[in-house]
Every structure is written in structure tokens, then in C-alpha cells.
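K.L.:
Using only what follows, build the 3D model:
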Amino acid sequence: MSGKRRKKSYLKSFTQYDYMLLFMTAGIALFGVIMIYSAGYYTASVFNNPFRFVKSQLTALGMGAVVMFIISRIDYQIFLQPVVRGKYTITLVHITYIAALVLQIAVLFIGEEYNGAKRWIKIGPLQLQPSEITKVAAILFIAYAVYRNRKALDRFMGFICIMIYMLPLIALIAKENLSSAIIVAGISVGMCFIASNKNGYFIACVLLFAGLICLYIIFGDAFRMQRIQIWLNVETHPKAHQIKQGLYAIASGGLFGKGLGQSMQKLGYIPEAYNDMIFAVICEELGIVGAVLVIIAFLVLFWRIVVIACHAPDIFGTMLCVGVMVQLAIQVVINVAVVTNSIPSTGIPLPFISYGGTSEIIMLAEMGLVLGVSRQIRQV
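P.N.:
Presented below is the predicted three-dimensional model:
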């Protein structure tokens, strides 16, 4: 192929990116950096470095952008190619699943403890949260299972077979991080539900799963039971400080907010306002209008992922997009619901906006998978 034809072919493949998805991802992430600076300025000033959290987030954003671009340029079907042939065929999907399982076991023994829970593995100057990698492993594994035999999910036993593989990951995460375990369970059930043509049995499964969680909380987890009591008695419970201050922030923001950087509740009243509670600061500074625009931005992002999923060249690509969308949607809904005290408090960040290096890189890597699928769509 001549140099001119090679260049033309490259440009053609490059223009197949879904630029609307790329623009929305970058826009939400950069808006997140601005809000992290605003929400975290007071806390960062205690360390004599007002840009402490912004620098860390920008570093993660830069690394994530590189990872996203690299993954988007790789044919996503490489995950289906055999790495080891023999009696059992092993693909990159299997390797990712095994790696996630090993990391989840390792964090229980060598993990760094933070706020009473072991969720991080420290490797030199780097910190890794295995539960974030497990979310990607869950998406890849279920997409692969659906690709191999989608019709199996039309039967109850087909769904059970997939969940047998996912339950060890969910159980290991739940040991130290129930919030992330709920997300992985949501990804698993959500992807299977969308892939199946017969969804009746999912209702029974969801009710059973919800019942088991309730029993676990009532009889085996005093900490989670306390969270429910706080939710039910937010005005009077002595440990309802964070949620109460978040509600004060939302109420004081009004329709148009106090203005960017003008939040009062972030001045030590809301603990770690730049993290899981950042939506409360958005409401206070930008008002209901700003909060609604943020939600609309996420809806546009989800719409573009759905469009790519519907036009993907194969079911594996479709399910990869479905998995990413399900994960992001679960996190957005739960985060907003917690901040507004619609459900009991749980530590789930707002995608691309809340402070967090590992989650930022992993989510951008997932967007790279979706962009990689969009690049394979034939232009008509």
C-alpha cells in the first residue's frame, strides 16, 4: 500500500470515532476538575497546597486519557483471541478475570487500611483499588459469556451459571467494600437482563438478592444498620452530620446557586466535600439549574453509548458498551440518591467528577473500549 493510501486509510479509521462521546467524556471530566478545585480548596489549603487535589486529579486524567486512546486504537475483538490453546482455551477475558480474583484476595491480606477497611494495594508510590479493576473484569467476562451463548440467558440456569462465576468476586469485594460489590452485582444482573429475551425470572432474582442484603445488614452488619437508622432519622441522629450538611448545601443553593467557589458547606462542614459528596457542592454553587445540566450531560453520554451499542458490528461489542453504560448509570443514580438522602448513605463516587485517581483511569479505559467499538462501525 502506498504512503498516500495508508494515510487515507488511517484518517478514515480515525474519523470513525464517536466525537460526541469523546467530547462529552472530556467535558464532564474537566468540569470535575473545576469542581474538585472549588470543593477541595479549603481542605487542600490546610496542607499549604491549594492545588493538591487538582494536581492529583489532572495527573490521573492525563494517564487515563493516554490509556483511553491506546485502548480505543486496539481492536476490541483481541479479547476473544486465544492466548493459550489446549484442552482449555484461555483468552484475555479469562486472564483479566483471574487477575481480578487474585487482586481481590490479595487486598484482604496486604491491603492498606483506610477508614477501617482494606480497599487499596500500595505498590511503591502507586495505590491501586482492585475493586475498580474487578468492574472491568465483570464487563469483559459477561460480554464474553453472552457472545459465546446468548440464548443460554433465556433460561434461568444460564443466568445462574454466569452468576456462579461472578459471586466469588462480589463476595470478596463485599468483605471490605459493600458499595463496590453492589455495583459489580448490578453490572452482572443488568447486562444479563439486557441480553436475555425472557426477563421474568430476573424479578425473582432481584427480590431474592435484595432480601439477602437486608438479612445481611440486619443480622450481620451493625455498621450498615446504623447507616439505615441515620437515613431514617437524619434530623436527629448524632452521626447524620455529613448527610445533613449536604442537604443544607442543596437547600441553600436555590435555583441558580451562590456562584462557583462560593459554597459555605465545603468549609469544613461536609467531610471530604471533593469526593462522594461533590454533587451537594455543585447544587450549592450552581443551583438546581447546574445540577440538572450535569444530569443532562450524563444522559447525553449514555445516549451516545446506546447508539454505539445498537450499531456495534457484533454482540460482544454491544455488550461491552452495555456494561460500561450500566456501571456509569448505577454510580450516577446511587451517588445522587445518597446526596439527596433518597437512599441510605454509601460511598459511591460520581463518575468523572468525584476525586479519585484509580476510578478516573479505569473509567476512561472503559470509555476507550466504547470508542474502540465505535471505530469498528461501518460508515454508511
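K.L.:
in the chain, which spans are strands?
P.N.:
82-84, 90-91, 112-114, 117-123, 126-128 (DSSP state E).
K.L.:
buried ones in the last one?
P.N.:
Applying a neighbour-count criterion of 16 or more other CB atoms under 10 Å, the buried positions in strand 126-128 are residue 128. Backbone N, C-alpha and C define where each C-beta goes, glycine included.
K.L.:
So which of the strands of the chain is nearest residue 254?
P.N.:
strand 112-114 (35.3 Å; CB to CB).
K.L.:
packing partners for that closest one?
P.N.:
strand 117-123 (3 or more CB pairs under 8 Å, 6 or more residues apart in numbering; DSSP states H and E).
K.L.:
quick one: contacts for the closest residue to residue 280 other than its chain neighbours?
P.N.:
In space, and not counting its chain neighbours, residue 280 is closest to residue 246: 3.8 Å by CB to CB, 6 or more residues apart in numbering. Going by CB atoms under 8 Å, 6 or more residues apart in numbering, residue 246 touches 265, 270, 277, 280, 339, 341.
K.L.:
Equivalent analysis for residue 28, please.
P.N.:
294, 297, 298, 301, 351, 352, 353.
K.L.:
Which of those has the largest number of neighbours?
P.N.:
residue 352 (29 neighbours; other CB atoms under 10 Å).
K.L.:
List the neighbours of stretch 189-204 that are in contact with it.
P.N.:
The contact list for stretch 189-204 (CB under 8 Å, 6+ apart) reads 139, 142-143, 146, 150, 153-156, 159, 162-163, 205-206, 209, 319, 322-323, 326, 330.
K.L.:
what's the first-to-last distance across it?
P.N.:
Stretch 189-204 has an end-to-end distance of 12 Å (CA to CA, to the nearest Å).
K.L.:
Same check on stretch 250-258?
P.N.:
Using CA to CA, the end-to-end distance of stretch 250-258 comes to 11 Å.
K.L.:
Return the residues in contact with residue 135.
P.N.:
180, 183, 184, 187, 327, 362.
K.L.:
ok, now how distant is it from residue 365?
P.N.:
10 Å (CB to CB, to the nearest Å).
K.L.:
Just the buried residues of the contacts of residue 135.
P.N.:
Among those, those scoring as buried are 180, 183, 184, 187, 327, 362 (criterion: 16+ other CB under 10 Å).
K.L.:
My guess is the first one contacts residue 133. True?
P.N.:
No. With contacts counted by CB atoms under 8 Å, residue 180 stays clear of residue 133, the gap being 10.8 Å.
K.L.:
Residue 49: how many residues sit nearby?
P.N.:
By the measure other CB under 10 Å, the count of residues near residue 49 is 11.
K.L.:
ditto for the one 4 residues further on
P.N.:
The local packing of residue 53 (other CB under 10 Å) involves 22 other residues.
K.L.:
same thing with the one 4 residues further on?
P.N.:
If you count neighbours by other CB under 10 Å, residue 57 ends up with 24.
K.L.:
Quick check, pLDDT for it.
P.N.:
You'll see residue 57 listed with a pLDDT of 93.
K.L.:
just residue 88 next, same as before
P.N.:
Note for residue 88: predicted pLDDT of 74.
K.L.:
ok, now which ones touch residue 175?
P.N.:
Counting by CB under 8 Å, 6+ apart, residue 175 touches residue 108.
K.L.:
Quick check: phi and psi on it?
P.N.:
Dihedral pair for residue 175: phi -60, psi -40, per degrees, to the nearest 10.
K.L.:
helices or strands next to the longest helix seen in the chain in the packing?
P.N.:
Secondary structure assigned by DSSP state H gives helix 278-311 as the longest helix of the chain. Helix 278-311 is packed against helix 19-46, helix 241-253, helix 315-339, helix 357-375, with contacts defined by 3+ CB pairs under 8 Å, 6+ apart.
K.L.:
So what's the gap between the last one and the chain middle?
P.N.:
The one in question is helix 357-375. Centre-to-centre, helix 357-375 and its host chain are 11 Å apart (CA atoms, centre = their mean, to the nearest Å).
K.L.:
Which one of the buried ones among the contacts of residue 135 is nearest to residue 38?
P.N.:
Relative to residue 38, the closest of those is residue 362; by CB to CB it sits at 24.3 Å.
K.L.:
Skipping adjacent residues, who's closest to residue 369 in space?
P.N.:
Per CB to CB, 6+ apart, closest to residue 369 is residue 320, 5.3 Å.
K.L.:
surely the one you found meets residue 371?
P.N.:
No. Under the criterion of CB under 8 Å, residue 320 makes no contact with residue 371, lying 10.9 Å away.
K.L.:
Among those two, which residue is more densely surrounded?
P.N.:
Neighbour comparison, residue 320 and residue 371: the larger count goes to residue 320, with 30 against 23 (by other CB under 10 Å).
K.L.:
Please tell me how far the residue nearest to residue 280 sits from residue 266.
P.N.:
Applying CB to CB to residue 246 and residue 266 gives a distance of 10 Å.
K.L.:
ok, now residue 123?
P.N.:
For residue 123 relative to residue 266 (CB to CB), the value is 32 Å.
K.L.:
Compare neighbour counts for these two and give me the winner.
P.N.:
Neighbour count, other CB under 10 Å: between residue 123 and residue 266, residue 266 has more, with 26 against 8.
K.L.:
and the nearest residue to the more buried one once chain neighbours are set aside, what is it in contact with?
P.N.:
Leaving aside its sequence neighbours, residue 266 sits nearest to residue 273 (CB to CB, 6+ apart; 4.1 Å). Residue 273 is in contact with 39, 40, 43, 263, 265, 266, 280, 281, counting by CB under 8 Å, 6+ apart.
K.L.:
same thing with residue 243?
P.N.:
Applying CB under 8 Å, 6+ apart to residue 243 gives the contacts 230, 231, 234, 338, 341, 345.
K.L.:
Just those residues: which are in helices?
P.N.:
Using DSSP H, the contacts of residue 243 in helices are 230, 231, 338.
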